[in-house]
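Asker: how would this look folded up:
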Amino acid sequence: MSATLILGGARSGKSAMAERLARDSGKDVVYLATAHAGDGEMGERIAHHRARRPAHWPTVEESLGLAGALRRECTAGRLVLVDCLTLWLTNLMLCGDEPLPESGKLLLPARFDQERAALLDVLDAGLPGELILVSNEVGMGIVPMGALSRRFADEAGWLNQEVAARASRVILVAAGLPLVLKGAPC
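Answerer: The predicted structure is shown next:
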């Protein structure tokens, strides 16, 4: 399995970079979307992404069970583009029934640890196809206010480190320009 992690801030060009690499791969591409439109603004973002990518790429929507979707979709001769890990992480953090405190210790749903571990296990075991994972780099600014925001920034940073350690290539995108941190140039 070949895995590429593409990191960047909001509107950095990370998704466009991932889509270009997928298009240039010559493989059959499956787009694995982790977002769901919870409001109009998010719906507009999703529509923008849909309009930009080739219509012949099948889209699989999976907001929680990412590891299972990768096992099903990342087959030999195929490239799966996951956009994005941080939305998936958000979905997992918010999938429980317990109210989330504004301050103090934040307990995440049991499914959070299960799905996160399952993703890392799939990456460790390898997949027959090629994989591109997109994720936000959220740890380059101020420390967020509020328990949930701080925990999200921590969890995103830890997940990005774990995925980067398993990926054969890691690219940071800023202002639409790639900086290869690990592996082959783009």
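Asker: which other helices and strands contact the worst-scoring helix or strand of the chain on mean pLDDT?
Answerer: Taking mean pLDDT, DSSP states H and E as the measure, the chain has helix 40-52 as its least confident helix or strand, at a mean of 79. Packed against helix 40-52, as judged by 3 or more Cβ pairs under 8 Å, 6 or more residues apart in numbering; DSSP states H and E, are the following elements: helix 14-24. Using the backbone N, CA and C atoms, a C-beta is placed for each residue, glycine as well.
Asker: buried sites along the least confident helix or strand of the chain?
Answerer: Applying a neighbour-count criterion of 16 or more other Cβ atoms under 10 Å, the buried positions in helix 40-52 are 45, 49.
Asker: let's number from 36 now, not from 1
Answerer: With 36 as the first residue, the last one maps to helix 75-87.
Asker: Export only the CA atoms of that helix, formatted as PDB.
Answerer: Only the C-alpha atoms of helix 75-87 are listed here, as PDB (Å, rounded to 0.1, in the frame of the first residue of the first chain):
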ATOM      1  CA  GLY A  75     -26.100  25.700   4.700                       C
ATOM      2  CA  GLU A  76     -22.500  26.900   4.800                       C
ATOM      3  CA  MET A  77     -21.200  23.300   5.100                       C
ATOM      4  CA  GLY A  78     -23.600  22.300   2.300                       C
ATOM      5  CA  GLU A  79     -22.000  25.000   0.100                       C
ATOM      6  CA  ARG A  80     -18.500  23.700   0.900                       C
ATOM      7  CA  ILE A  81     -19.500  20.100  -0.100                       C
ATOM      8  CA  ALA A  82     -21.100  21.400  -3.300                       C
ATOM      9  CA  HIS A  83     -17.900  23.300  -4.200                       C
ATOM     10  CA  HIS A  84     -15.800  20.100  -3.700                       C
ATOM     11  CA  ARG A  85     -18.300  18.000  -5.700                       C
ATOM     12  CA  ALA A  86     -18.300  20.500  -8.600                       C
ATOM     13  CA  ARG A  87     -14.500  20.500  -8.700                       C
END
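Asker: Give me the contacts around the helix or strand just after it.
Answerer: Going down the chain from helix 75-87, the next helix or strand is strand 94-96, by DSSP states H and E. The contact list for strand 94-96, computed with Cβ atoms under 8 Å, 6 or more residues apart in numbering, reads 65-69, 71, 85, 104, 108.
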